[in-house]
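> need a structure here:
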Amino acid sequence: MSPADKIIANIYNPLNIDKKSLLDHFVVRHKEFNRIFRDIKSSKLNQTSQNFLIQGQRGSGKTTLLAKLRYEMEDAESLSHLLVIQFTEEQYNIFTLNRLWEAVADILEELTGFENIVDEMEQYDDEDDYFSLISR
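From the prediction side, this is the model:
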């Protein structure tokens with residue numbers, strides 16, 4: 001891949017851009033970011049948090065907004081009790097709640113304390129509660 005191809009690939013996929021560049025070039029969606037991040041920071045562990053639906057046309061900054069949220073959450077010491085899970089773009093294979101938890105487990109398995117979570121899930125039946133494995 002030539003350097004020009006890499007630049008073009010980054011334009012269309014913010015997840016390919018390094019953290020510093022993405023944060024330095026985050027120039028739109030500040031209002032949306034501030035509202036969501038403020039809500040995340042003020043959420044209590046024992047309360048249900050606000051849900052946000054982020055939608056927009058292709059190229060409108062949805063993935064960039066989510067990447068900025070992820071980076072800021074990872075850097076915020078007050079949010080160290082939270083794990084940020086960010087999937088690649090569309091996840092067409094997720095059509096049940098247990099498929100969602102399997103996809104989450106694939107990402108969590110990279111973290112300390114979740115090393116064999118996917119193997120454990122494979123021992124359970126599809127009717128079992130996969131979330132209980134992740135949340136313990």
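> for the one residue sitting closest to the centre of the chain, phi and psi?
Central residue of the chain (Cα atoms, centre = their mean): Gln86, 2.1 Å from the mean position. Dihedral angles of Gln86 (phi, psi; degrees, to the nearest 10) stand at phi -130, psi 120.
> over to the one 10 residues further on?
The main-chain torsion angles of Thr96 are listed as degrees, to the nearest 10 and equal phi -140, psi 160.
> ok, and the closest non-adjacent residue to it?
Asp126 (8.0 Å; Cβ to Cβ, 6 or more residues apart in numbering). All C-beta atoms are positioned from the backbone trio N, CA, C, and that covers glycine.
> next: Tyr124.
In space, Tyr124 is closest to Tyr130, 6.7 Å off (Cβ to Cβ, 6+ apart).
> next one, pLDDT for the one you found please.
Residue-level confidence at Tyr130 comes out at 80, pLDDT.
> list the contacts of the residue nearest to the centre of the chain.
15, 66-67, 70 (Cβ atoms under 8 Å, 6 or more residues apart in numbering).
> so what pLDDT did the residue nearest to Thr96 get?
Per-residue pLDDT puts Asp126 at 71.
> what does Val104 give?
Per-residue pLDDT puts Val104 at 90.
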